[in-house]
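Peer 1: Below are the sequence and a predicted model; questions follow.
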Amino acid sequence: MAMEIERKFLLPEFPQRLIDEGLLRVLSRQRIEQTYLAIDGPQELRVRKLADLNSGDVHYTHTFKNGLGVSREEVEYEISQGLYKQMIDAVHAVPLIKERITADMNGVIVEIDVYEQLKLTVIEVEFQSLEECQAFQAPDWFGEDVSVEKKYSNKIVWKELQKQDL
């Protein structure tokens, strides 16, 4: 099982100036629709529809995650559109929708998530090791480190979204 090691920060404002100045080079833009099939403590099972906003290509994934905090086990693989539809139809839930901008910041790959249904923008950085994660010094424009704050995890945000739309 692969390990996902990442830190997440609240982004007070979208870094358009840094993009315009070439300090943050956009690599891709995706629209992600994310639905949870099961959540049990530190474990989650979800599906995603990922649409590339440049090419229009769409693909679907099924993901299992286990753990809390900056380091978690993760298994993710592609599934067919038909299987994705069967799974989301079975749970009758509102998907969490976000635009993900993947960018290069001086050799560090970052992912900016702008949530469509919420007033929330975060930036994430993935790491190869816990040592690399702990040594990372975030620039001031990243905002507050919320890596271990449960209320900013996608599964909690998704659960809150379900309550709003009942």
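Peer 2: Okay, I see it.

Peer 1: need the contact list for residue 14.
Peer 2: 112, 114, 121 (C-beta atoms under 8 Å, 6 or more residues apart in numbering). Backbone N, C-alpha and C define where each C-beta goes, glycine included.

Peer 1: Check the secondary structure at it for me.
Peer 2: Classification of residue 14 using DSSP: H, G, I helix; E, B strand; the rest coil returns coil.

Peer 1: now the one residue sitting closest to the centre of the chain, which residues is it bridged with?
Peer 2: Nearest to the geometric centre of the chain sits residue 113, at 6.3 Å (C-alpha atoms, centre = their mean). Taking DSSP bridges, one finds residue 100, residue 122 as the beta-bridge partners of residue 113.

Peer 1: List the residues that contact it.
Peer 2: Here residue 113 is in contact with 32, 98, 99, 100, 121, 122, 123, 124 (C-beta under 8 Å, 6+ apart).

Peer 1: that older thread, mark which of the contacts of residue 14 are buried, thanks.
Peer 2: With burial judged by 16 or more other C-beta atoms under 10 Å, the buried subset of these is 112, 114, 121.

Peer 1: Which single one of the residues you listed is nearest to residue 84?
Peer 2: Of all the buried ones among the contacts of residue 14, residue 114 has the smallest distance to residue 84: 22.6 Å, by C-beta to C-beta.

Peer 1: Just list the residues touching the closest one, thanks.
Peer 2: 14, 98, 99, 101, 121.

Peer 1: quick one: it and residue 13, what's the gap?
Peer 2: 11 Å (C-beta to C-beta, to the nearest Å).

Peer 1: hey, what's in contact with both of those two?
Peer 2: residue 121.

Peer 1: that older thread, mind putting the contacts of residue 113 into TSV with distance to residue 134?
Peer 2: As requested, the contacts of residue 113 are exported to TSV (distance: C-beta to C-beta, whole Å):
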residue	distance to residue 134
32	28
98	27
99	29
100	25
121	24
122	19
123	18
124	16
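
Peer 1: which two in the residues you listed are spaced the farthest apart?
Peer 2: Across those, the longest distance by C-beta to C-beta is 15.0 Å; it joins 32 and 123.

Peer 1: re the thing from before, rebuild the contacts of residue 14 as JSON lines, extending it with distance to residue 91.
Peer 2: Output for these, formatted as JSON lines (distance: C-beta to C-beta, whole Å):
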{"residue": "112", "distance to residue 91": "28"}
{"residue": "114", "distance to residue 91": "24"}
{"residue": "121", "distance to residue 91": "26"}
